[in-house]
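Peer 1: Below are the sequence and a predicted model for it; my questions follow.
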2 protein chains.
Amino acid sequence: MAASAPSSSGGEPDPNSTNLRPPGTSYDAWCGVAHGCTRKLGMKICGFLQKNNNLEEKISSFKERSSKDLLDNSDRDSRFRRTETDFSNLFARDLLPAKNGEEPTMQFLLEVVDILTNYVRKTFDRSTKVLDFHHPHQLLEGMEGFNLELSDQPESLEQILVDCRDTLKYGVRTGHPRFFNQLSTGLDIIGLAGEWLTSTANTNMFTYEIAPVFVLMEQLTLKKMREIIGWPDGEGDGIFSPGGAISNMYSVMTARYKFFPEVKTKGMTAAPRLVLFTSEHSHYSIKKACAALGFGTENLILLSTDERGRVIPADLEAKVIDAKARGCVPMFVNATAGSTVYGAFDPIHEIADICEKYNMWLHVDGAWGGGLLMSRKHRHKLRGVERANSVTWNPHKMMGVPLQCSAILVRERGVLSGCNSMCAGYLFQPDKQYDVSYDTGDKAIQCGRHVDIFKFWLMWKAKPQHTNVCFWYLPPGIRDMPDGQERRDRLHKVAPKIKALMMESGTTMVGYQPQGDKVNFFRMVISNPAATRSDIDFLTDEIERLGHDL
Amino acid sequence: MAASAPSSSGGEPDPNSTNLRPPGTSYDAWCGVAHGCTRKLGMKICGFLQKNNNLEEKISSFKERSSKDLLDNSDRDSRFRRTETDFSNLFARDLLPAKNGEEPTMQFLLEVVDILTNYVRKTFDRSTKVLDFHHPHQLLEGMEGFNLELSDQPESLEQILVDCRDTLKYGVRTGHPRFFNQLSTGLDIIGLAGEWLTSTANTNMFTYEIAPVFVLMEQLTLKKMREIIGWPDGEGDGIFSPGGAISNMYSVMTARYKFFPEVKTKGMTAAPRLVLFTSEHSHYSIKKACAALGFGTENLILLSTDERGRVIPADLEAKVIDAKARGCVPMFVNATAGSTVYGAFDPIHEIADICEKYNMWLHVDGAWGGGLLMSRKHRHKLRGVERANSVTWNPHKMMGVPLQCSAILVRERGVLSGCNSMCAGYLFQPDKQYDVSYDTGDKAIQCGRHVDIFKFWLMWKAKPQHTNVCFWYLPPGIRDMPDGQERRDRLHKVAPKIKALMMESGTTMVGYQPQGDKVNFFRMVISNPAATRSDIDFLTDEIERLGHDL
């Protein structure tokens, strides 16, 4: 992963990016892909692609399989349906714990698994669409037997199975090799198995009592993550939270508690006017946290970035000095490790120096880029992360863990639990027979907490790799226009139009957005292990095909 | 469900509770079970038990099945393992999207399903333990082949499957008919199927774009829930959140935004000193919200309750008047519908009158009791809920939906999104081709949001039916002691000791806690459809057996 700001530098070919282009397409229609500033990125993508490019042929060989295939339809039927069960006369009330419920329960679950395994196979099959797009009103009106409305009468298990198939049919295959739309992509089989098990265990993270194994897995995994960050002996604290936004919110809360613990009991009136700092390119969750926690978004000061989207440390220091001069107390700085749009990494060491000088909490939002800490080759991008007071790291992004899996890690022990603990007597009885320091629930702002650890733990055991590329597509009609407002206005409409056509055709998916003074551009996320070079070529071809006449 | 405060009224038999006792056990050792104040509850439990008591014989008949059973071991093997796959030489890298990965992927997933379906069957089997308890240090040291430590080398799929089995083996069977430990119990098969599908779809709720079906299901279901609350035409707003604590936090944030919208941008300094009110028996998440959002826990005023744990409206009004006299601004009242420990319902109508009189936001925390709104017979307990400004309702509690599934519902449209929206350009592009009012993500304090709707939607389609009973067990040695500090001290130690012995034996699970001036008592939650009268008898017998000599 590397920072890649879009560029409209025109039609000049870039030697680093030739590997990205299918032979025979007009390169000069493209700009920004592996642009000058992303020279290393270009190399990296190529490396990545080369490492994986035999996958393509591998996978296409699936389709050539003969009917002797062990998993062809007739065979699969005999595997899954020992008895041909008629589900049309069976209802939820016939399943366990009902009398004689075991057989229908097993048959029903196996039928569901048949639907799911078929979906998994199709997900990796390039001959299938990424999505079968319908507008909200179309799905709401009902699609041939698929009715979203909730009825007052119980449906048969047959209909429930049809609903399961249709839900997948009209959804988006986020694990498809040509889905580049979000930072979270891919369908990891080990992670999937872990999530199926987690649902079946159906328990809650608040106490050791009811989640002994998961609580310990969480503690061991968090410790390992802290070791990888570089905190001595993996000491510190942390918790898995429902996503990066909540993890970032934890960091702000924890910082406030560290400096002004009395806010917990007395409210924000007990603190002076506090200000926080983050990149203009940072994730909006920092702003949400400021709104929610009572700081106010106006007290979040946005930092200027260089051309690659990285915070300019001198701008931070100037704004800290200015805030102090206005009587405010600078409390918190967020450094982004892998920004949402460009994939930029803020310079942590330089920011840490300023934090130390002015006694501010340093948080590193590595929701996206944290995964690089696992890479000997790429972790240098987060150099200095060990100086952070807290780190957000989402294994459900770059590491491909199924949603949701996000950790907040805190260097100093005690401050996270001090910030959040309320000691509810009905959960956290001190007179239990086991070591209650394992009852981690009181550290959370949640009470019940979903088990997000198991899939990650299992994947970690099973395995011990990604990139944002931002670019504009310039249709021929725009290419020769002189730079100016009219050209900008027209270019701004190109990406939404292509995206709309792309969704209608359902062949691939990629995101777009404007940023700062830059009009709408595409952001391609390469984080899906199933995606090969040909899939990226496919995307660029599709964009060209759909956008040529715009 | 009904309020049931524990009682130490001594050994006098209560006519309402005889149905709860197994014949031949000494009733006089029990007190509080269906105590006088819970007369109706006693009747209701009996009704509940009678409705289900033929289940018991049903389920025991499973064990008598002959070897011709379709699901016996040899048969199951032939169903699941068409090919005897040797997983010891297979690794995660051999699974999809790897070359020839389809066959090992399918075999691996089927093997996992075999483990899971076996677990499901055992969960409903009373001859199995609820848990196989081990202390943290024991699990950390490693149990015969089950090592929680994360290694640096990838494990074979064989080991991964062993890890899956062991994770379930050392966990707690929250769906077991004798698990009474938490408000969330049971293992609903339709919900489980829904959750397996959700994990396989592996998508995110932030936009219609990548979760079209799930977003629409959420909207339709939330509307239905608002209709059931009684808001005209189901109008209003809402969202599924990661649990009741976060839903309650949303209610406080939304109320603040309604009265003091400028806090979003300017912080708490833009508001006067705000106070909030909640029952001394309410869930601790209201207090957590006050700490997190910058109000301060001291500005949360606790309301006195009657002997059944219900808020005394006159106490609320007196405290509102007192707060105003001290220069504070009363802003928010939480009424609990189904308190965590006693299962008490605050009188909503009386509280709503006071809220209207003093212009305060009324939130109803129906995390536990909200499910009763679905019952024609029991919804009267939430009479007045339609006057609330917001309601928390957790289908993952009383309605048995797998964890996590919690909704926050808001009567007035626009205020929830106004409170939280930040309009991030990379997700919520206004120039999309579809109706972007379906991009609901910006209403959330989260960015990514787990899909919690599908399992609930599917259960609702498949079905269109609980109680807290709090009690002390008085061992013979305590029964005849005179009331006083010594007796209280001894009684306080009884429940923890019994619980510890119970967990060691692993036969059943029930929670305990002190509350106010009441020493440790048991809280039995009857919310698991698999639990029959005999299971409750089993629990009471176990408590007597384990506690007799204390």
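Peer 2: Perfect, thanks for sending it.
Peer 1: Check the burial of whichever residue of chain A sits closest to chain B by counting its neighbours.
Peer 2: Relative to chain B, the nearest point of chain A is A:G294 (2.4 Å; Cβ to the nearest Cβ). C-beta coordinates here come from the backbone N, C-alpha and C atoms, glycine included. Residues within reach of A:G294, counting by other Cβ atoms under 10 Å in any protein chain shown, total 29.
Peer 1: Work out for me the element the residue nearest to it when sequence neighbours are not counted sits within.
Peer 2: Nearest non-adjacent residue to A:G294, counting by Cβ to Cβ, 6 or more residues apart in numbering or on different chains: B:G294, 2.4 Å away. Element membership for B:G294 (DSSP states H and E) is empty, with no helix or strand holding it.
Peer 1: surely B:G294 meets A:G267?
Peer 2: Yes. Under the criterion of Cβ atoms under 8 Å, B:G294 makes contact with A:G267 at 5.6 Å.
Peer 1: shared neighbours of the two, anything?
Peer 2: By Cβ atoms under 8 Å, 6 or more residues apart in numbering or on different chains, B:G294 and A:G267 have these common neighbours: A:294, B:268.
Peer 1: Provide a list of residue ranges in the stretch 151-300 of chain A with pLDDT below threshold.
Peer 2: Residue ranges of the stretch 151-300 of chain A with pLDDT under 70: none are present.
Peer 1: Below-threshold pLDDT in the stretch 351-500 of chain A: ranges please.
Peer 2: In the stretch 351-500 of chain A, residues with pLDDT under 70: A:464-467.
Peer 1: measure the residue of chain A closest to chain B to A:R126 for me?
Peer 2: 50 Å (Cβ to Cβ, to the nearest Å).
Peer 1: ditto for A:S285
Peer 2: 34 Å.
Peer 1: Which of these two has more residues huddled nearby?
Peer 2: Shown here are A:S285 and A:R126; by other Cβ under 10 Å, A:S285 has more neighbours (30 against 21).
Peer 1: Walk me through the domains of chain A.
Peer 2: A:203-461, A:467-547 (the TED database).
Peer 1: Buried deepest among the ones you listed, which one?
Peer 2: domain A:203-461 (a mean of 22; mean count of other Cβ atoms under 10 Å in any protein chain shown).
Peer 1: hmm, back to that, for the residue nearest to A:G294, list the residues it contacts.
Peer 2: Per Cβ under 8 Å, 6+ apart, neighbours of B:G294: A:263, A:267-268, A:293-295, B:267-268.
Peer 1: Enumerate the residues of the stretch 301-450 of chain A near chain B.
Peer 2: A:340-341, A:396, A:402-404, A:406, A:419-420, A:422, A:424-427, A:429, A:431-435, A:438, A:444-450 (Cβ under 8 Å from any Cβ of the partner chain).
Peer 1: now do 6 Å
Peer 2: Selection of the stretch 301-450 of chain A residues close to chain B by Cβ under 6 Å from any Cβ of the partner chain yields A:340-341, A:402-404, A:422, A:424-426, A:429, A:431, A:433-435, A:438, A:445-448, A:450.
Peer 1: Which ones among these lie within helices?
Peer 2: Taking DSSP state H, every one of those sits outside helices.
Peer 1: do stretch A:497-512 and chain B meet at all?
Peer 2: Yes. Judged by Cβ under 6 Å from any Cβ, stretch A:497-512 and chain B are in contact via A:A500.
Peer 1: Need the residues that contact that stretch.
Peer 2: A:129-133, A:178-181, A:495, A:520, A:522-524, A:539, A:542-543, A:546-547, A:550, B:433 (Cβ atoms under 6 Å, 6 or more residues apart in numbering or on different chains).
Peer 1: do stretch A:252-270 as well
Peer 2: With Cβ under 6 Å, 6+ apart, stretch A:252-270 has contacts from A:271, A:289, A:293-294, A:331-332, A:361, A:410, A:415-416, A:419, B:268, B:291-292, B:294-299.
Peer 1: Now intersect those residues with the helices, please.
Peer 2: A:289, A:415-416, A:419, B:291-292.
Peer 1: Including distance to A:R93, could the residues you listed go into CSV?
Peer 2: Output for the ones in helices among the contacts of stretch A:252-270, formatted as CSV (distance: Cβ to Cβ, whole Å):
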residue, distance to A:R93
A:A289, 45
A:V415, 50
A:L416, 45
A:C419, 46
B:A291, 44
B:A292, 42
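Peer 1: What is the nearest of those residues to A:A318?
Peer 2: A:A289 (23.8 Å; Cβ to Cβ).
Peer 1: Pull the contacting residues for the closest one.
Peer 2: A:248-249, A:252.
Peer 1: Now do the SS call for the residue lying closest to it once chain neighbours are set aside.
Peer 2: Leaving aside its sequence neighbours, A:A289 sits nearest to A:M249 (Cβ to Cβ, 6+ apart; 4.2 Å). Counting by DSSP: H, G, I helix; E, B strand; the rest coil, the backbone at A:M249 sits in helix.
Peer 1: And A:M249, how close does it get to B:G194?
Peer 2: Taking Cβ to Cβ, one finds A:M249 at 29 Å from B:G194.
Peer 1: What's the end-to-end length of stretch A:142-160?
Peer 2: 15 Å (Cα to Cα, to the nearest Å).
Peer 1: Now do the buried residues in that stretch.
Peer 2: A:143, A:147-148, A:150, A:154-160 (16 or more other Cβ atoms under 10 Å in any protein chain shown).
Peer 1: tally of neighbours for A:P177?
Peer 2: 27.
Peer 1: tell me the contacts of it?
Peer 2: A:126, A:530-531, A:535.
Peer 1: A:E84: what secondary structure?
Peer 2: coil.
Peer 1: Would you mind giving me the confidence score for it?
Peer 2: In this prediction, A:E84 carries a pLDDT score of 81.
Peer 1: Look up how far A:Q107 lies from it.
Peer 2: From A:E84 to A:Q107 the distance is 9 Å (Cβ to Cβ).
Peer 1: what about these two, which has more around it?
Peer 2: Remark: of A:E84 and A:Q107, A:Q107 carries more neighbours, 23 against 7, as counted by other Cβ under 10 Å.
Peer 1: which ones are touching that one?
Peer 2: Per Cβ under 6 Å, 6+ apart, neighbours of A:Q107: A:T85.
Peer 1: chain center to the helix or strand harbouring it, what's the gap?
Peer 2: Following DSSP H and E, one finds A:Q107 within helix A:102-123. What separates the centre of helix A:102-123 from the centre of its chain is 27 Å, taken as Cα atoms, centre = their mean, to the nearest Å.
Peer 1: Please enumerate residues in contact with the very next helix or strand once past that helix?
Peer 2: Toward the C-terminus, helix A:102-123 is succeeded by helix A:136-141 as the next helix or strand (DSSP H and E). Applying Cβ under 6 Å, 6+ apart, the external contacts of helix A:136-141 come out as B:216, B:435, B:438.
Peer 1: Let me know the closest of these to A:G171.
Peer 2: Using Cβ to Cβ, the contacts of helix A:136-141 come closest to A:G171 at B:L216, 10.9 Å.
Peer 1: Now do the same contact list for that closest one.
Peer 2: A:139, A:148.
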